[in-house]
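Novice: predicted model, plus sequence, below.
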Amino acid sequence: MTAELAATEARRATRLPGWLVILWRNRKCRIGLVMLAGFVLVGLLAPGLAPYEPRDDSFDGSLPPGAGHWLGTTARGEDVLSQLIYGARISLVVGLAAGALSTVIALVVGLTSGYLGGLVDEILSFFTNLALVVPVLPLMITLAAYSPVKGLWLIVAVISVTGWAYGARIKRAQIISLRTRDYVTAAKFAGDSTARIIMKEIMPNMTSLVVVGFMGACLGAIGGEAGLAFLGLGDPASVSWGAMLNQANNGGAMLTGQWAWLVAPGLAFAGLMIALTLVNFGVDALSNPHLRED
Amino acid sequence: MRYFLRRAGFFAATLWAAVTLNFLIPRLQPGDPAEAIVARLSGRSQAIDPAQVAAVRTMLGAPDGTLLTQYVNYLGAVLRGEFGVSYTYFPYPVTHMIGQALWWTVILVGVTHVLSFAVGTLLGAWAAHRRNTRADSVITLGSTFVGTLPFFWLALMLIYLFAITLNWFPARGGYGPGSNPGWSWIFFSDAFQHSVLPALALLIVGPIGWIIGMRNNMVQTLGEDYARLARAKGLPQRRIALTYGARIAILPNVTGFAMALGGILGGTVLVESIFNYPGLGRMMLDSVTNRDYPLMQALFLFITIGVLLANFLADMLYGVLDPRVRREVAA
């Protein structure tokens, strides 16, 4: 009993936020957080970690993995390991930015639609359902093809504009169930404004849903960027994992036996996806106490 | 009846929205895509028909006329099936090119989608039936892991392994140089050999969603009171799993079947471009790299309408299968 109390005191003393403690106690989530932190560190410290500049093509082409170049070189003579390290930045930036942007769109549409109801709901739900069935990749390709500027932010915009619908639908359903709760009715009778009710009464109950939605949107955005870049429709100025695979495929990596050029970006991508999926297990536990582990 | 009318209304509205979206996308762009295409078409050695220029203008945007008259002309052209000429395959109209590529994609996607659904649903039901056993965790964890791998990367690995290292199947193309498309045995066996690897790539990733969806649904239905009653009655496990658990758990997968088509057709752009397969997806990517806007716009519209139609049919089927949705609307 005293040991337990002491442990509680110790936990209080460290003053970690409650959500982080819950996430950390989940074993799968802990592994995911460590992996994710690793990717973030690699992305942040890329200039220091990478042995060479990612675009420096002064080396011999299509070298196999060896002492000078741990993962060999590309057909143009760039260092594969350096490209891999810088590629983490692109995936993380696109995932974060497009994930956040599409979550905001989903939240605004879902909130408005679910809370107001009526004709506004009918119209917004129609657009949500429409966006759900329109094939995403052909739409992304069409939008990207017309754009005169081909930058990273175009990719972020295209992914967000095409990827918000699923989140909006789930948030709308949640709002509809929350809107008729007693405490919301009480707040209405107390004369609170709609904005106040949404911010103070409804949003706190949506936090975990928003976080889970954000994680899902990040996963989708990272996959979307990789797909577009692999098709050659990405940002030509940045070295991303999808773009590396595109060049490896076109540069004949399979025929020259430069397998590391082909295998490494795929595994790095899978590692990041696994990290995010594992973190998501813990985020689920935030909203559902039954899933918590001690 | 009201359910079916509502779904038909939704289908008509989405169809109109997709056609309108297709009208707006090129017109929202800075610059004039139609002008660029017309200029490049005129620069060709073959003579260009003024009617063909007009068709391209109707599809992609004209400098004269208000947006409303352009829209009316565009709707007319869509209804008559006039989508203009392809820049890359001049002087063929885009509809001719789409007609050629369509069957490759329909067969490849049709077969793999049905197989993925069947395999995934069965595996998911099996995992739910044997829940919390080793078979269950192998199936669920295995499919979660494969799901995190980039799909186009798996396809590249398949080529590396089966086409280049082992040399079992051809790596690229829809048919070899020795055979011509036609109703001959040589062509069919050749086309089959070429389709093995793209189909395999789609079949590795395809079942994952069905496995996880089916397992989670069925674990839930097996915990319901009627399943408990069936156990109390002493019915055999197999029968409980099939007629009490799986039969109800499969319903969301049926709606998902059509919803997933949009994603699958997106995936075929990747698969077909990796395997150089002569379907709609590769044609779409080629049209983008060649800036063949008429072909690209028509392909986008065709793919979208196909997906919308599939969803409409699935909604109809769902209404027949599950009487609860019909009652919900009526109430």
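Specialist: That came in fine, so what should we check first?
Novice: flag every buried residue along stretch A:178-186.
Specialist: A:178-179, A:184 (16 or more other C-beta atoms under 10 Å in any protein chain shown). Every residue, glycine included, has its C-beta placed from N, CA and C.
Novice: and stretch B:103-113, by the same measure?
Specialist: Neighbour-count burial for stretch B:103-113 flags B:104-105, B:108-109, B:112-113 (criterion: 16+ other C-beta under 10 Å).
Novice: from these, pick the one nearest residue B:19.
Specialist: For the buried residues of stretch B:103-113, the residue nearest residue B:19 by C-beta to C-beta is residue B:105; the value is 21.0 Å.
Novice: surely that closest one touches residue B:278?
Specialist: No: look at residue B:105 against residue B:278 with C-beta atoms under 8 Å: they stay out of range, at 9.0 Å.
Novice: returning to that earlier point: so which of the buried residues of stretch A:178-186 also contact chain B?
Specialist: By C-beta under 8 Å from any C-beta of the partner chain, no member of the buried residues of stretch A:178-186 lies near chain B.
Novice: shared neighbours of residue B:105 and residue B:278, anything?
Specialist: residue B:272 (C-beta atoms under 8 Å, 6 or more residues apart in numbering or on different chains).
Novice: list the contacts of residue 56.
Specialist: In the absence of a named chain, chain A is used. By C-beta under 8 Å, 6+ apart, the contact list for residue A:56 reads A:78-79, A:82.
Novice: hm, I was asking about chain B
Specialist: Residue B:56 neighbours (C-beta under 8 Å, 6+ apart): B:34, B:37-38, B:41, B:84-85, B:294.
Novice: among those, which are located in helices?
Specialist: Mapping the contacts of residue B:56 onto helices (DSSP state H) picks out B:34, B:37-38, B:41, B:294.
Novice: among those, who's most crowded?
Specialist: For the ones in helices among the contacts of residue B:56, the largest number of neighbours (other C-beta atoms under 10 Å in any protein chain shown) sits with residue B:294, at 27 neighbours.
Novice: which parts of the stretch 151-294 of chain A are helices?
Specialist: Assigned by DSSP state H, counting those that start in this stretch, the helices in the stretch 151-294 of chain A fall at A:152-162, A:165-179, A:182-189, A:194-196, A:207-230, A:241-250, A:253-256, A:259-287.
Novice: contacting residues around the first one?
Specialist: By C-beta under 8 Å, 6+ apart, the surrounding residues in contact with helix A:152-162 are A:90, A:93-94, A:97-98, A:101-102, A:105, A:131, A:134, A:136, A:139-140, A:143-144, A:147, A:220-221, A:224-225, A:228-229, A:234-235, A:237-238.
Novice: list the buried ones in that helix?
Specialist: For helix A:152-162, the neighbour count (16+ other C-beta under 10 Å) marks A:152, A:154-162 as buried.
Novice: closest to residue A:213 among those residues?
Specialist: Nearest to residue A:213 among these is residue A:160, at 13.0 Å by C-beta to C-beta.
Novice: residue contacts, the nearest residue to that closest one once chain neighbours are set aside?
Specialist: Setting aside the residues directly before and after it, residue A:160 is nearest to residue A:101 in space (C-beta to C-beta, 6 or more residues apart in numbering or on different chains), at 3.9 Å. The contact partners of residue A:101, by C-beta under 8 Å, 6+ apart, come to A:156-157, A:160.
Novice: looking at the residues you listed, which is nearest residue B:222?
Specialist: Closest approach to residue B:222 among the contacts of residue A:101 (C-beta to C-beta): residue A:160, at 39.1 Å.
Novice: and that closest one, how far from residue A:112?
Specialist: In this view, residue A:160 and residue A:112 are 18 Å apart by C-beta to C-beta, to the nearest Å.
Novice: same deal with residue A:101?
Specialist: Residue A:101 sits 17 Å away from residue A:112, taking C-beta to C-beta as the criterion.
Novice: what does residue B:213 give?
Specialist: With distances taken as C-beta to C-beta, residue B:213 is found 29 Å from residue A:112.
Novice: before we move on, the earlier item: A helix includes the residue nearest to residue A:160, no?
Specialist: Yes: under DSSP: H, G, I helix; E, B strand; the rest coil, residue A:101 sits within a helix.
Novice: list just the nearest of the buried residues of stretch A:178-186 to chain B.
Specialist: residue A:179 (19.5 Å; C-beta to the nearest C-beta).
Novice: now the closest one, nearest residue through space, not along the chain?
Specialist: The shortest distance from residue A:179 to any non-neighbouring residue, by C-beta to C-beta, 6+ apart, is to residue A:115 (6.0 Å).
Novice: element containing that neighbour?
Specialist: Using DSSP states H and E, residue A:115 sits within helix A:80-116.
Novice: swap in residue B:200?
Specialist: helix B:185-205.
Novice: avg pLDDT for the helix or strand following that helix?
Specialist: Helices and strands here follow DSSP H and E; after helix B:185-205, the next one along the chain is helix B:207-222. Taken as a whole, helix B:207-222 has a mean pLDDT of 87.
Novice: need the contact list for the nearest residue to residue A:251 once chain neighbours are set aside.
Specialist: The spatially closest residue to residue A:251, leaving aside those adjacent along the chain, is residue A:75, at 3.6 Å (C-beta to C-beta, 6+ apart). The contact partners of residue A:75, taken as C-beta under 8 Å, 6+ apart, are A:61-62, A:247, A:251-253, A:256, A:258.
Novice: host element of the residue in chain B that chain A sits nearest to?
Specialist: Nearest to chain A, among the residues of chain B, is residue B:266, at 2.9 Å (C-beta to the nearest C-beta). Using DSSP H and E, residue B:266 maps to helix B:247-274.
Novice: how many residues are close by residue A:141?
Specialist: 25.
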